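J.: for reference, the sequence and a predicted model appear below.
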Amino acid sequence: MGERISIELAGRNLILETGTVACQADGSVLVTYGETVVLVTAVSSREEREEADFFPLLVNYIEMTYAAGRIPGGFFKREGRPTDQEILNSRIIDRSIRPLFPPGFLGDTQVIATVLSVDQENDPSILGIIGASAALEISDIPFDGPVAGVRVGRIDGEFVLNPTTSELERSDVDIVVAANREGIVMVEGGAKIVEEKAILDAIFFGYEAARPILDLQEELREKWGKEKRVYTPPEEGGPLWEEVKGYVMPLLSEAFRIPAKIERRDRIEQIFQEVQERFVAEDGTNRSLVKRAFEAAEREIVRSGVFKEGRRVDGRGLTDIRPISCEVGLLPRTHGSALFRRGETQVLAVTTFGTSEDEQKVESLLEGEIYKHFMLHYNFPPYCVGEVAPLRAPSRREIGHGALAERALVPVLPSKDEFPYTIRVVSEVLESNGSSSMATVCGGCLSLMDAGVPIKASVAGIAMGLMMEGDQVAILTDIIGDEDHHGDMDFKIAGTREGVTAMQMDVKVPGVSKEVMERALEQAREARLCVLEVMNKTLDRPRSELSKHAPRIVTIQINPDRIKDVIGPLGKNIRSIIEKTGVKIDIEENGIVKIASPNAQAIEEAIALVKQSAAEAKLGEVYIGIVKRITDFGAFVEILPGVEGLVHISQLAEGRVRRVSDVVKVGDEIKVKVIEIDREGRIRLSRKAILQEERAERRRREPPKRGFHHRRRY
């Protein structure tokens, strides 16, 4: 028999169930919240990777379309490669649990979260965090949990725990918080330009709300948990360990004073080769120990420089920002471009405009089928760090960094009604020495302004670091790669002068306190203002005109009932307009027509053709129409494309007409007047009225006839 326990959380039952499904996994938990159900399993290899440089954890979050009562699209009708949202949710779960595995545990470990049911209101990714922790807690896998995940929103100034999808639309904060007993473990979120204090309060509102979930997991572990397996941590200490450290410490101390990244890296690699030649045995049995001792020496030097000297690897103080330079408009044929450099991190950001046809179709279990009109793509080629690697599809890291930068810029973008373009920003990381995602935010913002996007405010980003040794705490501004690698926290924060738009925090320690986060947020705010000041010296507002190479979009309104006539049978009419003018045309259900082209004359020509196709008959107007068909009671005449009216037999001529065919034939061109449009839109025409008006006009123009009595007498 299985175990089922539950608590009430934000007005809904959170249920953890184990022992009923997936029982061959090391740990498995079925998590239910509302009508959203997620199965999370954890399995770890009994054999450890002795040579691994990192903990080999693989997290997969999978959304099954049957969970929302749908069948996948495409030819094969089954789930394919992970979507971006699945990858982002996998990363959130990974980052929440990774810091809590004990140091030195190197067994291949996999956590799989499978969404089995979704109710369109309760986010399954949060259940993935809870389920991953619970599955690890009850398994025999070494894990220093539990950890709990919650989502925090804010509506009308009040924080909301686990807001539903509909509530999130009204929220100005959307933050996922993972927390354990010690503090905050992971943060991922966005905000609509919200001040730092509110962000901090939101995070720790989530921290307090997570406590009952931690209690629930501990209760499950007490009832159902397995005894943790014994593992042997890699050997540390001993004569060889101390000998290696004693040899490399002075050499590495000098190497870490080299300010340039590549020179520093090359020197460290040279020292490592010397150490291997000097200390590694011929049979290689102690290779792993020598390597770990070398890495321990690196970590000690980087951190002691911060704590003892207040000096960082590249010579800066703790709050110093690397030199910044910006350039815009450097690519002549693009719609907008910017080059942003901060120290040895350099990003080229390029903005491109498109029409509604270029929107990205995204299928989501929670929201169904949606279309994105703003996209940001982040590319991290191997040359940016001086390495050789095959070019493949975007990595999880690239997708995650792109999503973070996109989230940072969305709050300042104009609405689609204000700016009807589809916008794509591409960030090419040309050099990287830390914080390339925040450089992407800065470069992306400048690129948007260079393109002429009327954004509400400039946005900049900064990455904060943390080092903790006992009671000593050092918060670093604008961290570089070595500080990220040897530090305890990477806290990325983006925003405007007025507040925060996006944040992401990862830690390597069990948890971060409120005091530390408060200091980090304030230090980040001060740094962000400095970065914005430099950016504004380059470009402080969006350009007033778009690039001459960008498409112009003109919007006109037609009667929605006339859309079918503009499109024509099987799209014949609209294709004809597009072929004649070379424009792009998008027609919405409400009758809004968007016409796009870099050529203004082509747009005007297309507007005229669309208006002609969508024109409506007006009472009293005169038209030249074509007789389309004849009946006993009259003739049907097309006066506008797709618009026909009836000329009754009595309205064909001034005199009596015996047969319609005596006056007109199919294909004849005749002048008619609209004399009536009834409630159902049926049009009555008259040729007779035209003839009468023409006769009256002729009479008016004829000179008056003189009678006999007017003759002059002589």
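T.: Right, received. Where do you want to start? Quick caveat, the model's predicted, so the values are computed rather than measured. Numbering: from 1, shown residues only.

J.: ok, Val59 - how many residues close by?
T.: Around Val59 there are 24 other residues, counting by other Cβ atoms under 10 Å. (Each C-beta comes from the backbone N, C-alpha and C, glycine too.)

J.: which element, helix or strand, includes the residue nearest to it when sequence neighbours are not counted?
T.: Counting by Cβ to Cβ, 6 or more residues apart in numbering, Asp94 is the residue found nearest to Val59 once chain neighbours are left out, at 4.1 Å. Following DSSP states H and E, one finds Asp94 within helix 84-97.

J.: for that helix, list every residue counted as buried.
T.: Buried positions in helix 84-97, judged by neighbour count with 16 or more other Cβ atoms under 10 Å: 85-97.

J.: closest to Arg700 out of those residues?
T.: Using Cβ to Cβ, the shortest approach to Arg700 within the buried residues of helix 84-97 belongs to Gln85, at 74.8 Å.

J.: for Lys223, see how far away the closest one is.
T.: Going from Gln85 to Lys223 by Cβ to Cβ, to the nearest Å gives 34 Å.

J.: and if you look at Glu702?
T.: Note on Glu702: its distance to Lys223, by Cβ to Cβ, is 110 Å.

J.: more neighbours: which of these two?
T.: More crowded of Glu702 and Lys223, by other Cβ under 10 Å: Lys223, with 12 against 8.

J.: just checking, that one touches Arg4?
T.: No: counting by Cβ atoms under 8 Å, Lys223 does not reach Arg4; the two are 10.2 Å apart.

J.: show me whatever sits in contact with both of these two.
T.: Counting by Cβ atoms under 8 Å, 6 or more residues apart in numbering, no residue touches both Lys223 and Arg4.

J.: got the end-to-end distance for stretch 625-644?
T.: End-to-end distance for stretch 625-644: 9 Å, by Cα to Cα, to the nearest Å.

J.: which residues are contacting it?
T.: The list of residues contacting stretch 625-644 from outside it, by Cβ under 8 Å, 6+ apart, reads 562, 564-565, 568, 573, 612-613, 615-617, 623-624, 645-649, 651-652, 660-661, 664-672, 674, 683, 685.

J.: show the buried residues in those.
T.: Using 16+ other Cβ under 10 Å, the buried members of these are 562, 565, 568, 573, 613, 615, 617, 623, 645-649, 651-652, 660, 664, 670-672, 674, 683, 685.

J.: mark which of the residues you listed are part of helices, please.
T.: Under the assignment DSSP state H, the buried ones among the contacts of stretch 625-644 contribute Asp565, Asn573, Ser613 to helices.

J.: can you pull the contacts of the first one?
T.: If I follow you right, that is Asp565. Taking Cβ under 8 Å, 6+ apart as the test, what Asp565 contacts is Asn573, Ser613, Ala614, Pro641, Gly642, Val643.

J.: quick one: the strands in the stretch 351-500 of the chain?
T.: Along the stretch 351-500 of the chain, counting by DSSP state E, counting those that start in this stretch, strands occupy 360-364, 368-372, 374-379, 422-431, 460-469, 472-477, 489-495, 500-507.

J.: now the protein, which segments are flagged as low pLDDT?
T.: Counting by pLDDT under 70, the ranges of the chain that qualify are 1, 50-51, 704-714.

J.: which parts of it belong to which domain?
T.: The chain breaks down by automatic domain parsing into domains covering 3-224, 239-309, 324-538, 552-614, 622-701.

J.: which of those domains sits closest to Val230?
T.: domain 3-224 (8.9 Å).

J.: which one of the strands of the stretch 351-500 of the chain lies nearest to Val593?
T.: Smallest distance to Val593 across those (Cβ to Cβ): 16.3 Å, for strand 422-431.

J.: what lines up beside that closest one in the sheet?
T.: Partners of strand 422-431 in the sheet, by DSSP bridges, are strand 345-354 (antiparallel), strand 374-379 (parallel).

J.: what angle sits between the first one and strand 460-469?
T.: Yep, that's strand 345-354 we're talking about. Counting by axes from the mean of the first three to the mean of the last three Cα atoms, to 10 degrees, strand 345-354 points 140 degrees away from the direction of strand 460-469.

J.: who's in contact with strand 345-354?
T.: 322, 331, 334-341, 421-436, 439-440, 442-444, 446-448, 450-451, 453, 546, 550-551.

J.: ok, back up a step: and the domains of the chain as a markdown table, adding distance to Tyr231?
T.: Converted to a markdown table, the domains of the chain look like this (distance: least, Cβ to Cβ, whole Å):
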| stretch | distance to Tyr231 |
| --- | --- |
| domain 3-224 | 6 |
| domain 239-309 | 15 |
| domain 324-538 | 19 |
| domain 552-614 | 60 |
| domain 622-701 | 77 |
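
J.: looking at those domains, spot the one closest to Arg316.
T.: domain 324-538 (8.0 Å).

J.: now the helix or strand hosting Leu200: buried residues?
T.: Taking DSSP H and E as the criterion, the element that holds Leu200 is helix 196-224. Neighbour counts over helix 196-224 (16+ other Cβ under 10 Å) mark 196, 198-207, 209-210, 213-214, 216-218, 220-221, 224 as buried.

J.: give me the nearest residue to Ala520, chain neighbours excluded.
T.: Spatial nearest neighbour of Ala520, excluding adjacent residues (Cβ to Cβ, 6+ apart): Met464 at 4.7 Å.

J.: how about Lys508?
T.: Asp488 (5.1 Å).

J.: same check, this time on Gln651
T.: In space, and not counting its chain neighbours, Gln651 is closest to Ser686: 4.0 Å by Cβ to Cβ, 6+ apart.

J.: could you measure the one you found against Ser166, distance?
T.: As judged by Cβ to Cβ, Ser686 and Ser166 stand 56 Å apart.

J.: at which residues are the strands of the stretch 101-250 of the chain located?
T.: With DSSP E, counting those that start in this stretch as the criterion, the stretch 101-250 of the chain has strands at 107-117, 148-155, 158-161, 173-179, 184-194.

J.: what residues of the shortest one count as buried?
T.: Same thing as strand 158-161. Within strand 158-161, the residues that count as buried by 16+ other Cβ under 10 Å are Phe159, Val160, Leu161.

J.: got the contact list for the closest residue to Ile97 other than its chain neighbours?
T.: Among residues not flanking Ile97 along the chain, Ala132 sits closest, at 5.4 Å (Cβ to Cβ, 6+ apart). With contact set as Cβ under 8 Å, 6+ apart, Ala132 has these partners: Val40, Ala42, Val59, Ile93, Ser96, Ile97, Val111, Ala113.

J.: who does the second one bridge with?
T.: Going by DSSP bridges, Ala42 is paired in beta bridges with Gly27, Val111.

J.: what is the neighbour count of it?
T.: The number of residues near Ala42, taken as other Cβ under 10 Å, comes to 29.

J.: would you mark the buried spots in the helix or strand hosting Ser576?
T.: Here Ser576, judged by DSSP H and E, is contained in helix 572-581. For helix 572-581, the buried set under the neighbour-count rule, 16+ other Cβ under 10 Å, comprises Asn573, Ile574, Ile577, Ile578, Thr581.
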